[in-house]
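Colleague: requesting a structural model of the entry that follows:
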Amino acid sequence: MENYYNHKQAFIESQIRLLEQEFLKPSETWLSKVTESPAEERIPLAVVDTVLSKLNQNNRKHYVQIFNRQSMRQILEQLQFIYEQKCKDALEGHIRVEKKDYNNIKWIESFPEEWPQLGNLEYDQEELDKYADSRSRVYQIQKNYITMKEKCEYYKNLRDALLPLNKSTIQQNLVAKNAPVINEINKMRILCK
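Modeller: As a prediction, the model looks like this:
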């Protein structure tokens with residue numbers, strides 16, 4: 001678990017180092033474009049320097065207050081506690097899984113048939129085909145599951161309907177040559193005469 005703590009600490013410290021970097025003075029190309037623009041649109045370079053120095057000074061104060069060692073340690077200890085709790089729960093089989101209504105095919109239909117193209121990111125065609133194939137397989141499996149579940153319900157209902165017929169009291173009342181019902185009918189005939 002100490003490795004987890006150190007790993008997270010290294011990650012957070014690297015992110016803080018990125019945030020602590022000072023704002024840089026604008027590049028020469030940007031400054032040349034500013035000096036070429038009309039006078040009413042120009043920002044005086046002294047103002048740019050003043051704003052940058054104030055921002056850098058305020059940021060340093062802010063980082064010292066927010067990202068001090070004590071608060072960092074507290075956050076890391078909380079993260080480690082949650083991580084250990086999740087590991088313990090997983091080992092004991094107490095994993096919390098969000099339940100979906102698998103009797104309905106809508107949850108699969110909520111996923112797009114093809115992987116959405118985001119911006120200018122390049123996707124490997126093999127991976128795109130793999131996604132589409134996986135989605136269609138899951139869709140087909142879900143349809144088969146729903147069909148089997150409906151069949152199972154039908155057979156359960158049929159079994160429940162036939163269950164009373166399986167009892168021995170029905171067997172006694174069936175009409176056969178030596179059945180007790182025949183003897184009773186014969187007795188009734190004699191009494192009615």
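Colleague: please count neighbours and contacts with C-alpha atoms only from this point.
Modeller: Will do.
Colleague: I'd like the distance from the helix or strand hosting residue 30 to the chain centre, please.
Modeller: Residue 30 belongs to helix 28-36 when elements are defined using DSSP states H and E. Helix 28-36 sits 49 Å away from the centroid of its parent chain (Cα atoms, centre = their mean, to the nearest Å).
Colleague: over to stretch 150-160?
Modeller: Computed by Cα atoms, centre = their mean, the chain-centroid distance of stretch 150-160 equals 33 Å.
Colleague: ok, now stretch 6-25?
Modeller: Chain-centre distance of stretch 6-25: 30 Å, with Cα atoms, centre = their mean.
Colleague: cool, and stretch 148-160?
Modeller: 32 Å.
Colleague: quick check: mean pLDDT of it?
Modeller: Stretch 148-160 shows an average pLDDT of 91 in the prediction.
Colleague: can you check stretch 59-76 too?
Modeller: In the prediction, stretch 59-76 has an average pLDDT of 80.
Colleague: could you list the buried residues of it?
Modeller: 59, 76 (16 or more other Cα atoms under 10 Å).
Colleague: mind listing residues that contact that stretch?
Modeller: By Cα atoms under 8 Å, 6 or more residues apart in numbering, the residues outside stretch 59-76 that reach it are 5, 8-9, 16, 20.
Colleague: let me know the next secondary structure element after the lowest-mean-pLDDT helix or strand in the chain.
Modeller: Using mean pLDDT, DSSP states H and E, helix 168-173 stands out as the lowest-scoring helix or strand of the chain, at a mean of 60. Using DSSP H and E, the next helix or strand after helix 168-173 towards the C-terminus is helix 180-192.
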